[in-house]
Every structure is written in C-alpha cells, then in structure tokens.
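K.L.:
need a structure here:
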Amino acid sequence: MNPKSSGSVLVAILAIIALLAYLVTRFVDEAVDDLKYRTLFNQSPEIRAYAYSMLELSLATIHEVALIDGGKLYAPEQGWVDPLNYAQERPPNGYSVTIDITDESTHLPINLIDESTLNRILEDTFDIDFGTTRELSSTLADWIDSNENQRLNGAESEDYLDEDPPYRAANGPLQSLNELRLIKVWQ
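P.N.:
You can find the predicted model right below:
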C-alpha cells in the first residue's frame, strides 16, 4: 500500500469520526433541551394534586379563622398568614411548600382614591411639596379617568405621544404599580 494513500485514508477516517462526534453532540444537546422543555409542561400529577391541596388548606384556614372571629379577618396575627402552621401540616419527604398570603387591606386603593385624599397623603406622609403633590395627583387622575380632558396640572394622551416610544394614556385603572412609571411626573 502506498504511504500517501494510507495517510489520506487516515485523514478521511479522522474527518468522519470528527463529523460523527459533532453530530452526536448536537443530537444530545437538542435532546436535553427538548427534555427540559417537556418537563415544564409534564409535571407529575401528584405534584399538581399536592399543590392544589395546599391551596385548599390555605382557603380553609382563612375561612375557619373568619368563622371563629365573627366573619372578620383583622390581622395576620389571627393565624391565617401561615396555614401550614395553623393546620399543623408538615410536607411529606421530598416536598417543599411556601405559602405567601398578603393582607391587601393595608394597601392604598390608588385606583379609587380621590385627588384631595391623595394630595393629603403625599404631603403628610411623604413630605412632598404642594406643587409636586398637585402635579402627581392630577397626572394620575388624568391617566385613570375615561376621557381625554386634561386637568390643570395633568397629562393626557397628547402629552405621551411625544415620548420615545410614543404611547397613550390608559384612561382606565392602573393594572400594576409599574404602570406609574409611564405617567408624567411619576416617572
């Protein structure tokens, strides 16, 4: 056998091995990605059932505490904030459970608050000056109201169309507190 031809055969075999190694590596990577994607949606029915049972436990705890205290929930100290402890429930081995219940009654109903009350809160609680307070309350009121009529210190869609990128006033209730960043003066 000619030494040149055996060298070229060796190079060809090495090239084929390198190509096969690359293809196998790509296949394994894609299979792993596909498996990760499928596990997102194919959770064990036992895990889902346990999660729903913890939701039921939470609701039952809140209901029981309300019944004990005359239908009222006053504060987390009543025991409803930690349903697992209240019901003396311990997760089985291999499970970890976190339940977060937030007392919404302590939150400010910003979509429903009138301008004068908001002005008073901003001035008294946050020590914001008179002029800025009026701008904040007027721009918020213009953002929430259903019309395009601009208040004295407010802003409507016409003012937001100059932004980059341009957008319109919601003319409806805030969907999240992050939306405040879109409102002039609140930015």
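
K.L.:
Domain-wise, how is the protein divided?
P.N.:
1-42, 45-102, 115-182 (automatic domain parsing).

K.L.:
and the second one, how far from the chain's centre?
P.N.:
Spelled out, it's domain 45-102. Its chain's average C-alpha position is 22 Å from that of domain 45-102, according to Cα atoms, centre = their mean, to the nearest Å.

K.L.:
for it, how far is the first residue from the last?
P.N.:
28 Å (Cα to Cα, to the nearest Å).

K.L.:
what about Asp82, distance to Pro76?
P.N.:
8 Å (Cβ to Cβ, to the nearest Å). C-beta: built from backbone N, CA, C; applies to glycine.

K.L.:
can you check Asp124 too?
P.N.:
For Asp124 relative to Pro76 (Cβ to Cβ), the value is 26 Å.

K.L.:
of the two, who's got more company?
P.N.:
Ranked by neighbour count (other Cβ atoms under 10 Å), Asp124 and Pro76 place Pro76 first, with 13 against 10.

K.L.:
And the more buried one, what's its pLDDT?
P.N.:
Pro76 is assigned a predicted lDDT (pLDDT) of 79.

K.L.:
So it is in contact with Glu104, correct?
P.N.:
No. The pair Pro76 and Glu104 fails to qualify as a contact (Cβ atoms under 8 Å) at a distance of 11.7 Å.

K.L.:
Can you give me the neighbour number for the residue lying closest to Asn111 once chain neighbours are set aside?
P.N.:
Leaving aside its sequence neighbours, Asn111 sits nearest to Pro173 (Cβ to Cβ, 6 or more residues apart in numbering; 4.0 Å). Residues lying near Pro173 (other Cβ under 10 Å) number 11.

K.L.:
what residue ranges in the protein score low on pLDDT?
P.N.:
1-6, 41-43 (pLDDT under 70).

K.L.:
longest helix anywhere in it?
P.N.:
When the chain is parsed with DSSP state H, its longest helix is helix 3-41.

K.L.:
Tell me the buried residues in it?
P.N.:
When burial is assessed from 16 or more other Cβ atoms under 10 Å, helix 3-41 yields no buried residues.

K.L.:
now for the helix or strand following it, which elements pack on it?
P.N.:
Going down the chain from helix 3-41, the next helix or strand is helix 45-68, by DSSP states H and E. Contact analysis of helix 45-68 by 3 or more Cβ pairs under 8 Å, 6 or more residues apart in numbering; DSSP states H and E lists helix 83-86 as its packing neighbours.

K.L.:
residues in contact with Ala87?
P.N.:
57, 60-61 (Cβ atoms under 8 Å, 6 or more residues apart in numbering).

K.L.:
between these, which has the most around it?
P.N.:
Counting by other Cβ under 10 Å, top hit in the contacts of Ala87: Thr61 with 23 neighbours.
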